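Participant: Sequence first, predicted model second:
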Amino acid sequence: KLDRKALPILDQLRPNLEQAFLAPRNATEEKVASVWAEVLKIKLVGVHDNFFDLGGHSLLGTQVISRLCKLFQTQLQLRWLFQFPTVASLAEKIESVISVGMVDEVPALEPISRNQRLPLSYAQQRLWFLTQLQPESAFYNVAIAMRIRGPLNSAALSAALDTLIMRHESLRTVFPVVDDEPIQFIVESPENILSIVDLGHAAGPDLETEARALLRREAEQPLYLAQGPLFKATLVRLSPTDHVFLINLHHIVSDGWSMAIIFRDLGQLYDAYCQHRSSPLPELKVQYADYAVWQKKYLNAHRLEELVSFWKSYLAGAPLILELPTDKRRPETQTFAGADLRVKLSREITSALIKLSQGQGVTIFMTLMAAFQLFVSRCTGRDDIVVGTDLANRNRVELEQLVGFFVNLLPVRLNLGGDPTFVELLQRAAKSILEVYAHQDLPFEKLVEELKPERDLKRNPVVQILFVMQNT
């Protein structure tokens with residue numbers, strides 16, 4: 001006799017969708033559904049379920065495509081997920097691709113010997129060059145502080161940090177110059193990762209003031225690329241049950257995605273060490289230096305030529321300087337002085353934006369980017385707008401668990417001519433963004449090198465405005 005109360009309710013295993021659940025009917029559909037379930041973190045995926053109705057977006061779509069490429073050993077494109085957004089339609093597309101023999105020709109990403117000069121990735125080269133312009137600046141420091149209330153095991157935290165930095169080579173990498181070229185040098189066993197400062201002597205308001213001043217000083221200390229360390233941690237003890245924990249690292253060894261990995265790994269390690277258990281983290285198969293070498297192989301002369309050809313065509317005739325109607329003149333050189341303005345969208349507006357995006361078969365990022373470019377168009381009086389966006393650039397499964405600087409800057413062009421409706425504009429934006437995603441591998445510095453824009457210390461080349469959606 002069935003105990004129906006013990007059976008899982010189907011609606012709890014998948015989002016509440018209009019279409020009924022239909023299980024995969026063949027091996028291809030099973031593999032596609034399994035990958036979707038893994039990436040979207042849901043139990044059941046039906047063959048007629050829509051990827052974007054299930055909560056998918058471009059970032060998760062990239063992870064799906066990278067896994068499917070590896071699984072089927074073939075070349076797949078992110079735009080196909082938009083054209084064939086159900087398991088059934090995407091599986092059919094994959095089978096058609098396999099039938100014509102489109103083999104994945106991307107070189108394998110494998111560990112390399114450390115007994116050689118390790119090159120910088122293209123992204124690291126860009127940041128290394130920018131840092132040379134202002135080596136005493138803390139502009140590229142990434143500092144995050146958190147308040148920890150309650151008992152804290154500082155020995156377990158210190159041990160967790162030691163394990164973390166040995167796990168991720170990026171966190172113990174420095175960049176000396178050898179024969180006029182910067183290289184990656186991985187420090188074997190770094191020391192003094194955690195600094196502990198006791199402010200228990202201060203009291204009342206003075207305690208908070210002194211702690212904030214200390215944290216600001218730590219965060220604004222320049223991190224020198226050649227000498228390092230480029231990863232520091234400080235624990236400020238306010239009382240036995242009140243601490244502030246600060247992590248400060250250089251952007252050349254980390255990005256936003258990496259910070260999520262750092263805190264996730266650190267939390268798991270700390271929890272394990274507090275309970276006197278060993279590290280629960282599986283060994284990483286590759287490290288960032290392996291990726292840097294692989295990138296140079298992947299972006300060979302032929303591949304670079306293809307990418308450069310696309311970008312030159314894509315940006316042909318585009319205005320590479322956006323003049324905003326500001327009330328003050330731009331200084332002769334950038335000062336980076338500025339402010340931030342924070343605005344919260346209501347739950348109702350957010351829901352309406354998601355509903356609009358799903359109805360048009362686009363992501364929320366595409367909708368927001370189109371709206372933002374429309375806004376910039378009205379500010380500048382132009383109908384041809386180029387706005388930059390940062391892309392995670394982790395389009396291989398092996399890169400998802402690595403700490404390192406992977407982000408690539410991509411210009412997104414939108415033509416607002418012809419008085420389109422917003423729905424028409426949205427479709428233009430989606431098409432443009434998918435083209436950019438398909439050619440995301442060209443490093444931004446290589447693009448600037450090829451376009452040869454007139455350089456000006458007043459502004460950044462090619463793009464001066466960024467629109468970034470942080471949904472990591």
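Facilitator: Cool, the structure landed.
Participant: Can you name the residues that contact the residue nearest to Q464 when sequence neighbours are not counted?
Facilitator: Closest residue to Q464 apart from its sequence neighbours, by C-beta to C-beta, 6 or more residues apart in numbering: L322 at 5.5 Å. All C-beta spots, glycine's among them, are computed from the backbone N, C-alpha and C. Contacts of L322 were listed using C-beta atoms under 8 Å, 6 or more residues apart in numbering, and they are 376, 380, 382, 385-386, 464-465.
Participant: one more time with 10 Å
Facilitator: Listed by C-beta atoms under 10 Å, 6 or more residues apart in numbering, the contact set of L322 reads 376-377, 379-380, 382, 385-387, 459, 463-465.
Participant: now Y437
Facilitator: Neighbours of Y437 in contact, by C-beta under 10 Å, 6+ apart: 58, 61-62, 65, 77-79, 82, 391, 395, 410, 412.
Participant: That one - that's part of a strand, no?
Facilitator: No: counting by DSSP: H, G, I helix; E, B strand; the rest coil, Y437 is not part of a strand but helix.
Participant: where's it relative to L223, distance?
Facilitator: 32 Å (C-beta to C-beta, to the nearest Å).
Participant: Determine the number of other residues adjacent to L223.
Facilitator: When neighbours are defined as other C-beta atoms under 10 Å, L223 has 22 of them.
Participant: if you skip the residues just before and after it, what's nearest to it?
Facilitator: Nearest non-adjacent residue to L223 (C-beta to C-beta, 6+ apart): H250, at 4.5 Å.
Participant: Which residue would you name as the spatial centre of the chain?
Facilitator: What sits nearest the mean C-alpha location of the chain, by C-alpha atoms, centre = their mean, is A392, with 3.0 Å.
Participant: give me every residue that touches the nearest residue to that one once chain neighbours are set aside.
Facilitator: Once flanking residues are discounted, A392 sits nearest to W257: 5.5 Å by C-beta to C-beta, 6+ apart. With contact set as C-beta under 10 Å, 6+ apart, W257 has these partners: 59, 392-394, 399-400, 402-407, 470, 472.
Participant: Kindly give a single PyMOL line that selects the buried subset of the residues you listed.
Facilitator: Only the buried entries of the contacts of W257 go into this PyMOL selection, using 16 or more other C-beta atoms under 10 Å:
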select buried, resi 59+392+393+394+399+402+403+404+405+406+407
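Participant: Looking at the contacts of W257, which is nearest Q125?
Facilitator: Set against Q125, the nearest of the contacts of W257 by C-beta to C-beta is F405 (10.4 Å).
Participant: Tell me which stretches of the stretch 151-300 of the chain form strands.
Facilitator: In order along the chain, the stretch 151-300 of the chain carries the following strands (DSSP state E, counting those that start in this stretch): 173-174, 177-178, 181-182, 185-186, 194-198, 231-239, 242-250.
Participant: between the ones you listed, which gets nearest to V47?
Facilitator: strand 242-250 (44.2 Å).
Participant: tell me which strands and helices that closest one is in contact with?
Facilitator: strand 141-149, helix 154-167, strand 194-198, helix 204-219, strand 231-239, helix 256-274 (3 or more C-beta pairs under 10 Å, 6 or more residues apart in numbering; DSSP states H and E).
Participant: measure N50 to L68 for me?
Facilitator: 17 Å.
Participant: give me phi/psi at the residue nearest to the centre of the chain?
Facilitator: phi -60, psi -30 (degrees, to the nearest 10).
Participant: residues contacting it?
Facilitator: Contacts of A392 by C-beta under 10 Å, 6+ apart are 58-59, 62-63, 255-257, 399-400, 406-408, 440, 471-472.
Participant: re the thing from before, tell me the most packed of the contacts of Y437, by neighbour count.
Facilitator: V412 (24 neighbours).
Participant: Show me what the host helix or strand of it is packed up against.
Facilitator: In the assignment (DSSP states H and E), V412 maps to strand 408-415. If contacts are counted by 3+ C-beta pairs under 10 Å, 6+ apart, strand 408-415 sits against helix 122-133, helix 301-314, helix 364-380, strand 384-391, helix 422-438, helix 444-451.
Participant: Can you check what angle separates the last one from helix 301-314?
Facilitator: With axes from the mean of the first three to the mean of the last three C-alpha atoms, to 10 degrees as the basis, helix 444-451 and helix 301-314 are set at 70 degrees to each other.
Participant: Check which residues of helix 444-451 are buried.
Facilitator: For helix 444-451, by 16+ other C-beta under 10 Å, it's 444-448, 451.
Participant: try the fifth one
Facilitator: Neighbour-count burial for helix 422-438 flags 425-430, 432-434, 436-437 (criterion: 16+ other C-beta under 10 Å).
Participant: still on that earlier bit, any chance of CSV for the helices and strands packed on strand 408-415, columns mean pLDDT?
Facilitator: Supplementary listing: these in CSV, determined by pLDDT from 0 to 100:
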stretch, mean pLDDT
helix 122-133, 91
helix 301-314, 94
helix 364-380, 95
strand 384-391, 95
helix 422-438, 95
helix 444-451, 91
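Participant: possible to save those as a markdown table with distance to R216?
Facilitator: As requested, the helices and strands packed on strand 408-415 are exported to a markdown table (distance: least, C-beta to C-beta, whole Å):
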| stretch | distance to R216 |
| --- | --- |
| helix 122-133 | 21 |
| helix 301-314 | 40 |
| helix 364-380 | 32 |
| strand 384-391 | 26 |
| helix 422-438 | 38 |
| helix 444-451 | 31 |
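Participant: Could you say which one of the ones you listed comes nearest to D327?
Facilitator: Of all the helices and strands packed on strand 408-415, helix 364-380 comes closest under C-beta to C-beta, at 12.8 Å.
Participant: Give the other helices and strands that the closest one contacts.
Facilitator: Against helix 364-380 (3+ C-beta pairs under 10 Å, 6+ apart) you get helix 58-72, helix 347-360, strand 384-391, strand 408-415, helix 422-438.
Participant: Centre of the chain to that helix, how far?
Facilitator: 21 Å (C-alpha atoms, centre = their mean, to the nearest Å).
Participant: Hey, what's the angle from that helix to strand 408-415? Just curious.
Facilitator: 60 degrees.
Participant: in helix 364-380, what counts as buried?
Facilitator: By neighbour count with 16+ other C-beta under 10 Å, helix 364-380 contains the buried residues 364-374, 376-377, 380.
Participant: now the residues you listed as a markdown table including distance to H168?
Facilitator: Conversion of these to a markdown table gives the following (distance: C-beta to C-beta, whole Å):
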| residue | distance to H168 |
| --- | --- |
| I364 | 31 |
| F365 | 28 |
| M366 | 33 |
| T367 | 35 |
| L368 | 32 |
| M369 | 32 |
| A370 | 37 |
| A371 | 37 |
| F372 | 34 |
| Q373 | 37 |
| L374 | 41 |
| V376 | 38 |
| S377 | 42 |
| T380 | 42 |
